[in-house]
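A.B. asks: How does the following fold in three dimensions:
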Amino acid sequence: MRHLRGNLATAVVTVVVLAVLGVAAGYVWSALAPATRYVLIDGAPHLADPETQSLIEADGWFAAVTGAFGLICAVAGYLLARDRPVGILLGLTAGGLLAGYVAMLVGGRAKGVVQAAGAGGYTTTSSLDLTAHGVLFAWPLVATTAFWVVEFAVTYNQRR
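C.D. replies: A predicted model of the protein is given here:
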């Protein structure tokens, strides 16, 4: 029972730490991702450039930022909780999903102001948004995979 409580405590602490890191990841994402420009015509937003790639770039930057945070968390988790791999993996998985969601919410609200009035209406930059919601899995996927790669590399000689 003590072992179960230890793993559960490790998982809960990991989830909380990763949720806080999700806030930082959201601000990093909003700083790196390009803003999508819209024109407000009759109060409705329309893409200023219908052929823009900025929506796809925002998804790519989100995956890169959250993947990098996941990699860092996996290595730190392995170094700090080697004796509780089940708890840390549960925490990396659940916390990574929560942190990705928090990063999406925080980063999505960090941009978006009216910049200038144009002939066709007000030109504005949008708040960031994900168009490919699968990138929310980048953080937990990279974190758990990196954890197992580090575990395999460290224990390889012990198994021989």
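A.B. asks: mind listing what's buried in stretch 68-83?
C.D. replies: 69, 70, 71, 73, 74, 77, 78, 81 (16 or more other C-beta atoms under 10 Å). Every residue, glycine included, has its C-beta placed from N, CA and C.
A.B. asks: Any regions of the protein where pLDDT drops low?
C.D. replies: Within the chain, the set of residues satisfying pLDDT under 70 comprises 43-52, 111-127.
A.B. asks: Quick check: longest helix in it by residues?
C.D. replies: For the chain, the longest helix by residue count, based on DSSP state H, is helix 2-32.
A.B. asks: quick revisit: as TSV, the buried residues of stretch 68-83 with distance to residue 60 and secondary structure would be great.
C.D. replies: Below are the buried residues of stretch 68-83 laid out as TSV (distance: C-beta to C-beta, whole Å; DSSP: H, G, I helix; E, B strand; the rest coil):
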residue	distance to residue 60	secondary structure
69	15	helix
70	15	helix
71	16	helix
73	20	helix
74	21	helix
77	25	helix
78	27	helix
81	31	coil
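A.B. asks: Out of those residues, the closest to residue 89 would be?
C.D. replies: Distance to residue 89, by C-beta to C-beta, is smallest for residue 77 among the buried residues of stretch 68-83, at 8.3 Å.
A.B. asks: gap between the closest one and residue 102?
C.D. replies: 18 Å (C-beta to C-beta, to the nearest Å).
A.B. asks: Going by residue numbers, what spans are strands in this structure?
C.D. replies: Shown for the chain, the strands assigned by DSSP state E span residues 37-41, 44-47, 114-118, 121-125.
A.B. asks: ok, residue 100 - how many residues close by?
C.D. replies: Look at residue 100: counted by other C-beta atoms under 10 Å, it has 30 neighbours.
A.B. asks: ok, now which ones touch it?
C.D. replies: Contact analysis of residue 100 by C-beta atoms under 8 Å, 6 or more residues apart in numbering lists 22, 25, 66, 135, 136, 137, 138, 139, 140.
A.B. asks: ok, now with 6 Å
C.D. replies: 66, 136, 139 (C-beta atoms under 6 Å, 6 or more residues apart in numbering).
A.B. asks: And stretch 1-16, how far out from the chain middle?
C.D. replies: Remark: stretch 1-16 is offset 23 Å from the chain centroid, using C-alpha atoms, centre = their mean, to the nearest Å.
A.B. asks: list the buried ones in it?
C.D. replies: 7, 10, 11, 13, 14, 15.
A.B. asks: Any figure for the gap between the second one and residue 4?
C.D. replies: Here the distance between residue 10 and residue 4 works out to 11 Å (C-beta to C-beta).
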